[in-house]
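Q: Could you look at this predicted model? Sequence included:
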Amino acid sequence: DTGVSQDPRHKITKRGQNVTFRCDPISEHNRLYWYRQTLGQGPEFLTYFQNEAQLEKSRLLSDRFSAERPKGSFSTLEIQRTEQGDSAMYLCASSPGMGGKETQYFGPGTRLLVL
Amino acid sequence: GENVEQHPSTLSVQEGDSAVIKCTYSDSASNYFPWYKQELGKRPQLIIDIRSNVGEKKDQRIAVTLNKTAKHFSLHITETQPEDSAVYFCAAGETSYDKVIFGPGTSLSVIP
């Protein structure tokens, strides 16, 4: 499968625990995006990268959320001290990057449930 | 701040009829407007997009129109089929490789 992949696909955790999700973009895609989607809503932008550089982080995003893309390939999203309100689908997407006309391709998502 | 509104939130049509979904956006810097289809439990998938240098784009049964002055854009699906049933999201961004802001979605049901 040469599409965007995410791991794990499902995660159940207890409130207060830390969780980390991984996203592997399409090969040679320079841009990588994280979105969060709750039931009945559209995806909400969290942050995005150009190679290893984090370009923007949503103002709505708590300091408990951090994302990295250390080598410009895969990315991780960590949530510290999880809260029940963090329960959502976390979607990753990638695109070829600047100058390209191609859009963002989404991964299957990681569904997080915080008990 | 950036905002995308979408109407209606639910839409039910008879098979073969047309469906229209309308969106408005607030950020005048937006030049790229994709539409995504999301089936239950699956990832959003791009079905069509339009850039601000054109007013209309068509791909088989799907068409999008853009009125940049009014900050409106719409999705038109003709000859609807049951497999068109899904949630549709409009979105807006500066370019195809910048972040996009999504609308809240329209749940389309096509009744056989």
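A: Structure received. The structure displayed is predicted, hence computed values, not measured ones.

Q: which ones are touching whichever residue of chain B sits closest to chain A?
A: Closest residue of chain B to chain A, CB to the nearest CB: residue B:102 (3.4 Å). The way it works is simple: take the backbone N, C-alpha and C, and place the C-beta from them, glycine included. Counting by CB atoms under 8 Å, 6 or more residues apart in numbering or on different chains, residue B:102 touches A:35, A:42, A:43, A:44, A:45, B:4, B:36, B:89, B:90, B:91.

Q: try residue A:89
A: The contact partners of residue A:89, by CB under 8 Å, 6+ apart, come to A:36, A:37, A:38, A:109, A:110, A:111, A:112.

Q: now it: how far from residue A:111?
A: 5 Å (CB to CB, to the nearest Å).

Q: count of residues packed around residue A:83?
A: By the measure other CB atoms under 10 Å in any protein chain shown, the count of residues near residue A:83 is 12.

Q: That one contacts residue A:13, doesn't it?
A: No. When contacts are counted by CB atoms under 8 Å, residue A:83 is not listed as touching residue A:13 (10.6 Å).

Q: Find the residues that touch each one of the two.
A: residue A:114.

Q: Would you report the backbone torsion angles of whichever residue of chain A sits closest to chain B?
A: Closest approach between chain A and chain B, counting by CB to the nearest CB: residue A:42, at 3.4 Å. Dihedral pair for residue A:42: phi -80, psi 160, per degrees, to the nearest 10.
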